Every structure is written in C-alpha cells, then in structure tokens.
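Q: this one's structure only:
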Ligand code: NOJ
Ligand code: MG
C-alpha cells in the first residue's frame, strides 16, 4: 500500500511550519546500510531507523538525509540506482519508507532523500534496453554511446579520467556478438552516465522528484550535481580549463536543470529544498548554484578539505561566507560524510587536510589528539552561520576503521589498484550497546531464517567503549557534547542562520561573535588561552584549566547583550 500525501490538507504540520527551517537546520546523515538492522541480516534497514527515531530526536536534529535507499546492485553503495521509485528489498519496502517519513515528521524531523541524476545502474531497464536495441536506436540516445576511435573503433572516444580513477568508457558487445560502441561512465562501468540533452531524461527526473515530494520528503540531496551536462563534441580536457570550459564538469547549461527542479519544489506546500553535492573549487562558480531560483544550499567542502590550522580555517570561513552573501544563501558546514575520512582520524594525522588522492593504508594517527580536535571542530562548525551536517557515528566520535583488504567493497579501492583503502572505513555499522560485536546493531534474537548474520563490515572490538549505551552514561563523551551543543544551538537565537563578527584575537585562535550575545572561541595554538569577556560559559569541548581554554578546544561564551 502506498500513501502519497497529495490531497490538500494531508500535508503534516511539521512540513509547513517554519518555511526557513533549512537555513539553520541540523541535518543528520543516515547511511541506512550501517545505521541499525531490524531483521538480523547484518545490514541496516528502514525498520531499524524507525526503531531509533527516539535516539535522533534526543540528539536534537531537525532533518535526516538518507543515502540512496533504492533497489540497486550496490556496485557503488547504492549510487547505482536500478529503480528510483522503490526501496532496496534489503532495506525494506516503499511502505516502510512512507511510515518512516511520517513517524519522523510526527517527531518534528524532516526527511531528505538522495537523488542520483548523473548516472543510473547498468541494471536499470533503460540501460538494458539501450544495450539490447543497438547502435543508433532511440534507447541509446538517453546515454552517451559512441563509436570508438581508430580503424577498428577499439580506442576510447576520449581519454577523460574517471572520478574513481581509470577509464570513463566501456566497450559494448553488439547483439550479434561483435565489438560495438562505447558508453560513458564518469564513475564505474556499472554507472552509465545519462544524456541530459535528452527530453526523456529531464522528464523522468522531474517525475521522480514529484513522486517523493508527494510522499512528504522535505528535500533532495543531489548527487554529483555539477556533472550532468557534457560537451557533445567530446573534446579532451584542456590543459588550462577556462571557467565553464571543462567537457564534463560545471558547465553553464546545468543551471537550467536546477531552475526547473526549483519550480517543482516551489510548487509544493512547505519548503521542499534542493541540496547540491557540488565539488566546484571556484567559490563564485560554486555559489552560482545557489542563486535564488536554483538550489537552496550546497555542501561546503572547502572547510572540510582544510587542515587543522587557524589561518586556513579562517580563510575558508571568510571565503565561503563572502561567496554565499551575494546570492543570499546560507552556507552549510560539513565535517565529514560517507565518502571521506572520519574527523577523529583525519585531525589526528600530520596532514589533517582532506583529499581523495592522498588516502593510504597505514597512515600514522594520534587518535587522542584527533578526538580532542574533532570535539573542538564540532562546536566550531555548530557555531558558524548556516546549516550543519552531521554524519552518523561522528556524534559517537567513531574513528575511520582500517579494515582488512578482503572485506573491502568500495570501487574506489579497486580502481586505485589497491593503493587507496577506499571509503568503507567510514561506513562500518554503528555500535549501539553491549561489549561485543555486533554491539546491538543487529537484534539478538534471530530473524525469519533463524540466524543472526555478522554486520556487513566488521566492527572493531575497541568500539565497546564507543557504544551509544556506554556514552549515554558518560558526561565527558562525544555524544553528550553533541547533545548539549545541539540543544544550546536550538535555544540560543544568535546561533544558526545569521552573520558573524570576528573579534580581535591571537592568530592561532578563531574568536567570533554571533548575534548580540554568543561568542565562539577555538584555540588552535599550543598554549592555553585567556577567554574574552563573558558572563557565562555555555559549553566547552575540554574542561577549562584555571579559567584558561586548553589547546585544540572550543568554548561557547555568553556575554551580556
Ligand atoms: C557522490 C557520492 O557521495 C559518492 O558516494 C558516489 O560514489 C558518487 N557521488 C557517485 O554517485
Ligand atoms: Mg536488516
């Protein structure tokens, strides 16, 4: 049974109240596969999420963003969608999703889903039909099929490099068994790119948006949002790329797509938001996606990519706030997600900046230092103006797990020739309670087939100290820090959306005021620092010592207005 919320008057009150919710929201990212398993198959599922909504409410989040939950062969963790209007059977059913959306709304929590428009699964009916129909067919027109170069057509049409390293073209076999055309995939061969010049592609995705908005989702996170449009002339990537001149990235025509999506979002009651995954290094071109008739917000990856260094972080904050100001959009603050190294680990490394190209096995890490800095960063980002993203498990201070090679699944690992550990280390199932794996991730009693499977990725034994249960009884835990921070952030009108004023400080500190009465002090130096004037300390990531803020710590101060 499906229950689209299309009838007037059926839209739940939470969805319509507070039209500017997205400007200050705290959005918790749920990687369904690893959040909570209800049926004992070792994989998280929607009933698992439903059973933990109380935990998310208590944490104090405003919305949930779900990574792709659709039917998928999981060649890239679900970013290879074979049906955009259903739920992966391992995760549950469409009805489970509808119940989850509704139950979360009853607790005042909105749902954002992940839309994957750049590519689909090679198992999607459109791609299967395209392969079967052969060269020159209308079915192939929805993709980028092309004859190869060279006398036998056995050279790729371009030498573009994949976002996952390696080739971007795969040769097909004709229905009669002879070598055929090539097709484009900016990621894996299991993720053929769609041709966004084709009207079917546009219509289909507009319809998918309506399908989910009708079911009460409050927004969509748009995967690989800058990549949709390709130069049909298929030129090589120039040595010096002029603005908008890359054959597959950030082309000007892509903005038309988001203008039409914005019109659809705006046609719904309640503010339904578009959140872009936009990896565009130029801050002005990035902000162009946030013009008033396009997306509402986009992930700010600049801050996340910088090292733990006061000058770097301050430069990033200034750069991103300045870029957002002219388009009137709030910035987002993101410390991590399902693609990058967990903050506790990253900040404990000599090079604490993030870049995909630098990930290696066996990088030395000081987890105590990393944890202290991750706590300071949690408060710092929660104090900055705009919305905040929190990736599941960061509220527990989970480190990146260096998994044994034989359990790795991520194509980024394999396509790097085994050099890059890939992204599985931040996707390990959450520890909920108890002293041994699966730490309450799966139920203790067997499910339908009489067994309880091990979690799909193994949890380290040390996670016994990091379970939700263990942290709930420890006021010094990361979980307490996040709960307190989100409660204060919600209560203090000066936090969330708004402006920021830097206060004079030593260059190794980040000291700024929000509104009339809240001051953030982050000490990135090596010595304890004195605090500016205040009448109360709202929260501190490390206990003060003799009234001084220790290194690698943040304090929130209240000062009389
Ligand atoms: C970005 C997603 O976050 C990542 O997980 C995925 O592999 C790529 N886009 C391709 O869809
Ligand atoms: Mg399950």
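A: Noted; the coordinates are in hand. These numbers were taken from a predicted model, which means no experiment stands behind them. Residues are numbered from 1 along each chain as shown. Ligands and ions are numbered 1, 2, ... in the order given.
Q: Which helix runs longest in this protein?
A: When the chain is parsed with DSSP state H, its longest helix is helix 367-383.
Q: Which elements pack onto it?
A: Packing contacts for helix 367-383, counted by 3 or more CB pairs under 8 Å, 6 or more residues apart in numbering; DSSP states H and E, involve strand 332-334, helix 343-346, helix 478-491, strand 509-514, strand 518-523, strand 553-558. (C-beta placed from N, C-alpha, C; glycine too.)
Q: Quick check, the residue in the protein closest to ligand 1?
A: Nearest to ligand 1 in the chain, going by CB to the nearest ligand atom, is residue 79, at a distance of 3.3 Å.
Q: got the helices and strands packed on helix 367-383 as TSV, with distance to residue 95, mean neighbour count and mean pLDDT columns?
A: As requested, the helices and strands packed on helix 367-383 are arranged in TSV below (distance: least, CB to CB, whole Å; neighbours: other CB atoms under 10 Å; pLDDT from 0 to 100):
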stretch	distance to residue 95	mean neighbour count	mean pLDDT
strand 332-334	32	23	98
helix 343-346	36	27	98
helix 478-491	31	19	98
strand 509-514	43	21	98
strand 518-523	44	25	98
strand 553-558	43	24	98
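Q: so what's the residue of the chain closest to ligand 1 scoring on pLDDT?
A: At residue 79, the pLDDT value in this model is 98.
Q: tell me, how many neighbours does it end up with?
A: 26 (other CB atoms under 10 Å).
Q: Next up, the contacts around it.
A: 68, 72, 116, 119, 187, 191, 223 (CB atoms under 8 Å, 6 or more residues apart in numbering).
Q: swap the cut-off to 6 Å and go again
A: 68, 116 (CB atoms under 6 Å, 6 or more residues apart in numbering).
Q: and it, that's in a strand?
A: No. Going by DSSP: H, G, I helix; E, B strand; the rest coil, the assignment for residue 79 is coil, not a strand.
Q: distance of it from residue 210?
A: 22 Å (CB to CB, to the nearest Å).
Q: before we move on, what about residue 162?
A: 32 Å.
Q: Identify the residue nearest residue 179 in space, chain neighbours excluded?
A: Computed as CB to CB, 6 or more residues apart in numbering, the closest residue to residue 179 that is not its neighbour in sequence is residue 171, at 5.9 Å.
Q: For that neighbour, the count of nearby residues, please.
A: 16.
Q: Tell me which helix or strand it sits in.
A: Element membership for residue 171, per DSSP states H and E: strand 169-173.
Q: Check which helices and strands that strand sits against.
A: strand 179-184 (3 or more CB pairs under 6 Å, 6 or more residues apart in numbering; DSSP states H and E).
Q: Buried ones in the longest helix of the chain, by neighbour count?
A: 367, 369-383 (16 or more other CB atoms under 10 Å).
Q: Give me the most central residue, this protein.
A: The residue lying closest to the centre of the chain (CA atoms, centre = their mean) is residue 337, at 4.7 Å.
Q: Could you break the chain into its assigned domains?
A: 13-117+201-472, 125-184, 499-558 (automatic domain parsing).
Q: For those domains, state which one has the densest average packing.
A: With neighbours taken as mean count of other CB atoms under 10 Å, the domains of the chain reach their highest mean count in domain 13-117+201-472, at a mean of 19.
Q: Widest-spaced pair of the buried residues of helix 367-383?
A: 367 and 383 (24.4 Å; CB to CB).
Q: For the stretch 251-400 of the chain, which residues are neighbours of ligand 1?
A: 277, 338-339 (CB under 6 Å from any ligand atom).
Q: 8 Å instead?
A: With CB under 8 Å from any ligand atom as the criterion, the stretch 251-400 of the chain meets ligand 1 at residues 277, 337-339.
Q: and the helices and strands packed on helix 367-383 as CSV, adding distance to residue 439?
A: Output for the helices and strands packed on helix 367-383, formatted as CSV (distance: least, CB to CB, whole Å):
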stretch, distance to residue 439
strand 332-334, 26
helix 343-346, 17
helix 478-491, 14
strand 509-514, 35
strand 518-523, 32
strand 553-558, 29
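Q: Now distance to ligand 2 too, for these, in TSV please.
A: Shown next, in TSV, are these (distance: least, CB to the ion, whole Å):
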stretch	distance to ligand 2
strand 332-334	28
helix 343-346	27
helix 478-491	24
strand 509-514	42
strand 518-523	40
strand 553-558	37
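Q: Any idea which of the ones you listed gets closest to residue 388?
A: Using CB to CB, the nearest of the helices and strands packed on helix 367-383 to residue 388 is strand 332-334, at 5.1 Å.
Q: So what are the sheet partners of that closest one and their directions?
A: Sheet partners assigned to strand 332-334 using DSSP bridges are listed as strand 387-391 (parallel).
Q: and the closest residue in space to residue 525 that isn't next to it in sequence, what pLDDT?
A: Nearest residue to residue 525, sequence neighbours excluded (CB to CB, 6+ apart): residue 508, at 3.3 Å. Looking at residue 508, its pLDDT reads 98.
Q: is stretch 207-216 up against ligand 1 anywhere?
A: No. Using CB under 8 Å from any ligand atom, stretch 207-216 stays clear of ligand 1, coming no nearer than 15.5 Å.
Q: which residues are contacting stretch 508-525?
A: With CB under 6 Å, 6+ apart, stretch 508-525 has contacts from 310, 314, 376, 380, 383, 492, 494-495, 500-503, 505, 529, 531, 549, 551, 553-559, 561.
Q: can you list the weak-confidence ranges in the stretch 151-300 of the chain?
A: Counting by pLDDT under 70, not a single residue of the stretch 151-300 of the chain qualifies.
Q: mind listing the strands in it by residue range?
A: 169-173, 179-184, 219-222, 273-276, 297-298 (DSSP state E, counting those that start in this stretch).
Q: Residue 34 contacts residue 424, doesn't it?
A: No. At 9.8 Å, residue 34 does not count as touching residue 424 under the criterion of CB atoms under 6 Å.
Q: Parallel or antiparallel, list what pairs with the strand holding residue 171.
A: strand 179-184 (antiparallel).
Q: Next, see if the partner strand gets close to ligand 1.
A: No. Strand 179-184 stays clear of ligand 1 (CB under 8 Å from any ligand atom), getting no nearer than 13.9 Å.
Q: same question, stretch 187-202
A: Yes. Residues of stretch 187-202 contacting ligand 1 under CB under 8 Å from any ligand atom: 187, 191.
Q: Kindly check the end-to-end length of that stretch for me.
A: 21 Å (CA to CA, to the nearest Å).
Q: And stretch 130-143, by the same measure?
A: Taking CA to CA as the measure, stretch 130-143 stretches 8 Å from start to finish.
Q: before we move on, what about stretch 458-466?
A: End-to-end for stretch 458-466, by CA to CA: 15 Å.
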